[in-house]
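Enquirer: Pasting a predicted model and its sequence here:
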Amino acid sequence: MKNLVSPYGVATGFLLLMLSASSQAIPAFAQRENLNCNSCHSAVPALNGIGRNYKLQGYEMPGQQRGRRPARLGNTNVLEGILPISAGIVAGPFDKKDSGETKVRAIHEVELMVAGQIAQGFSGFIELEAEDEEDFNVEASIIQGTFSLNSALNFQVSRAPSFYFDPYNSYTNSRRITINRTPVIDQGFGGADNDSSLRRLRQNLTVFGKANNFFYGLSFSGVANDNEGEDASTIISRLAYEFNTNLILGGMYINGSCSMQSGGGKSLGDPCFLADRDYSRAAVDLECTTLNNLIINAVYMQAKDDLISGIGEESNNSFYLQGFYNIQREGRTLVTPIARYDSYEISNGLYQIDTITLGVSHYIRQNINLRGEFSDTSGEGPIADDNRFTIQVEAFF
């Protein structure tokens with residue numbers, strides 16, 4: 001009689017019960033602007049044109065002036081009229097790799113986000129998160145403050161991933177719509193960027209903006225995962241052009257150095273302990289919308305890293321091609337099937353690793369997303385073949 005109710009059933013049932021209790025809530029930004037989530041997102045959390053402009057306007061809709069919308073105290077938080085506050089729960093009731101044991105991550109991640117305009121021309125964003133991998137220790141994952149003269153000229157200070165300032169969807173982990181991350185932003189390649197990747201946090205001084213259909217961004221940054229930005233020398237640049245609402249072409253270039261004096265060279269075994277190491281990342285990207293709701297993203301990137309001795313360098317290529325289709329009803333996305341092919345090299349192109357990711361998202365409510373996803377990896381060298389099946393639920397309110 002001990003097996004009448006499985007642990008999976010209990011966890012899943014409790015999760016769905018918990019989520020159904022908050023199914024009428026919507027995220028603070030959408031609530032504040034009296035819009036549905038699809039007004040700014042092609043598929044949550046990926047941004048569309050309206051969402052990109054909203055971000056560039058410092059979290060204000062064009063033409064709207066702060067103070068014209070009184071705070072509403074009914075179904076939203078008391079501070080909504082000052083700074084929108086949202087919280088999120090990410091659960092993974094089933095996560096299984098061939099190479100590992102089955103995981104029941106009933107609570108995988110908890111997030112608290114505060115964002116909006118602080119004063120005329122000044123806006124900010126703070127995200128606190130706690131994850132199961134880190135024993136649910138709370139940390140500030142992203143902190144930024146922005147001063148905007150207009151949409152064409154913005155100044156930002158941040159502790160954030162490399163392309164947090166970028167309103168497009170190609171290089172930002174925060175706007176991926178799969179559980180599986182693309183290696184373009186997840187791999188450290190030759191390791192000269194403090195043995196880390198584009199999605200990791202770094203200290204940034206950034207200027208960015210959009211004039212007509214042209215977007216630019218330029219950051220002076222430290223190496224990844226260096227909390228103090230010591231001996232900063234990294235330059236991050238981004239360009240993108242919107243030919244129309246359905247076609248965006250862009251590119252990025254990063255050049256930096258991990259020195260023996262910086263966070264990467266303080267002790268034996270650190271990636272820059274023996275010598276200063278230069279690195280660069282160069283990429284081109286495309287986003288195309290066709291057949292109304294079919295969206296295609298593609299990136300090709302070359303990563304160059306000085307060898308750990310500081311003499312010579314290695315070069316590795318990476319690319320991905322992703323497509324997703326939004327099945328909608330009455331202007332709201334209900335289901336989004338997605339497919340992506342990733343390929344990247346390691347060890348100066350000696351080994352190539354390929355991954356196919358197939359998934360589907362069901363938006364139970366605007367702010368509740370149920371995802372099922374399968375990925376299959378064909379590895380070479382130190383990377384073994386593997387596959388993974390995951391079920392994940394995200395709820396933000």
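Expert: Done, it's in. Everything numeric here is computed off the predicted structure, so don't read it as measured data. Residues are numbered from 1 along each chain as shown.
Enquirer: what helix or strand does N227 sit in?
Expert: In the assignment (DSSP states H and E), N227 maps to no helix and no strand.
Enquirer: And T355, by the same measure?
Expert: According to DSSP H and E, T355 maps onto strand 351-365.
Enquirer: same deal with E242?
Expert: strand 234-244.
Enquirer: quick one on the thing from earlier: can you give the strand pairings for the strand holding T355, parallel or anti for each?
Expert: Strand partners for strand 351-365, identified by DSSP bridges, are recorded as strand 332-346 (antiparallel), strand 368-378 (antiparallel).
Enquirer: Give the bridge partners for A339, please.
Expert: G323, L358.
Enquirer: OK, contacts around it?
Expert: Q322, G323, F324, I356, T357, L358, G359 (CB atoms under 8 Å, 6 or more residues apart in numbering). For every residue, glycine as well, the C-beta is placed using N, CA and C.
Enquirer: ok, which pair from those is furthest apart?
Expert: Greatest spatial distance among those (CB to CB): F324 and I356, at 14.4 Å.
Enquirer: Give me the more crowded residue out of these two.
Expert: Taking other CB atoms under 10 Å, F324 and I356 do not tie; F324 has more neighbours (22 against 15).
Enquirer: State the distance from that one to I391.
Expert: Going from F324 to I391 by CB to CB, to the nearest Å gives 18 Å.
Enquirer: buried residues in the strand holding T355?
Expert: Neighbour counts using 16 or more other CB atoms under 10 Å place Q352, I353, T355, T357, G359, V360, S361, Y363, I364, R365 of strand 351-365 among the buried residues.
Enquirer: how about the residues you listed in JSON lines, adding distance to T206 and pLDDT?
Expert: Formatted as JSON lines, the buried residues of strand 351-365 follow (distance: CB to CB, whole Å; pLDDT from 0 to 100):
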{"residue": "Q352", "distance to T206": "34", "pLDDT": "97"}
{"residue": "I353", "distance to T206": "32", "pLDDT": "97"}
{"residue": "T355", "distance to T206": "31", "pLDDT": "98"}
{"residue": "T357", "distance to T206": "30", "pLDDT": "97"}
{"residue": "G359", "distance to T206": "32", "pLDDT": "96"}
{"residue": "V360", "distance to T206": "35", "pLDDT": "95"}
{"residue": "S361", "distance to T206": "31", "pLDDT": "92"}
{"residue": "Y363", "distance to T206": "32", "pLDDT": "88"}
{"residue": "I364", "distance to T206": "36", "pLDDT": "89"}
{"residue": "R365", "distance to T206": "34", "pLDDT": "83"}
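Enquirer: Closest one of the residues you listed to I179?
Expert: Nearest to I179, judged by CB to CB, of the buried residues of strand 351-365 is G359 at 7.1 Å.
Enquirer: Poorly predicted segments of the protein, please.
Expert: Flagging of the chain using pLDDT under 70 yields the residue ranges 1-38, 42-44, 58-59, 61-83, 261-268.
Enquirer: right, and D166 touches G217 too?
Expert: Yes. Look at D166 against G217 with CB atoms under 8 Å: they come within range, at 6.0 Å.
Enquirer: what sits in contact with each of these two?
Expert: Both D166 and G217 are contacted by F208, R238, under the criterion CB under 8 Å, 6+ apart.
Enquirer: just checking, what packs against the longest strand along the chain?
Expert: When the chain is parsed with DSSP state E, its longest strand is strand 103-119. Applying 3 or more CB pairs under 8 Å, 6 or more residues apart in numbering; DSSP states H and E, we find strand 103-119 packed against helix 7-21, strand 85-97, strand 122-131.
Enquirer: Mind doing that once more with 10 Å?
Expert: helix 7-21, helix 28-33, strand 85-97, strand 122-131, strand 139-150, strand 386-396 (3 or more CB pairs under 10 Å, 6 or more residues apart in numbering; DSSP states H and E).
Enquirer: what comes up buried for it?
Expert: In strand 103-119, the ones that count as buried by 16+ other CB under 10 Å are R105, A106, I107, H108, E109, V110, E111, M113, V114, A115, G116, Q117.
Enquirer: where does N225 land in three-state SS?
Expert: Classification of N225 by DSSP: H, G, I helix; E, B strand; the rest coil places it in coil.
Enquirer: Let me see the contact set for N387.
Expert: By CB atoms under 10 Å, 6 or more residues apart in numbering, N387 lies in contact with K96, K97, D98, S99, T355, I356, F374, S375, D376, T377, S378.
Enquirer: typed the wrong thing, it's L286
Expert: Contacts of L286 (CB under 10 Å, 6+ apart): S170, L247, I248, L249, G250, G251, I296, N297, A298, V299, Y300, L321.
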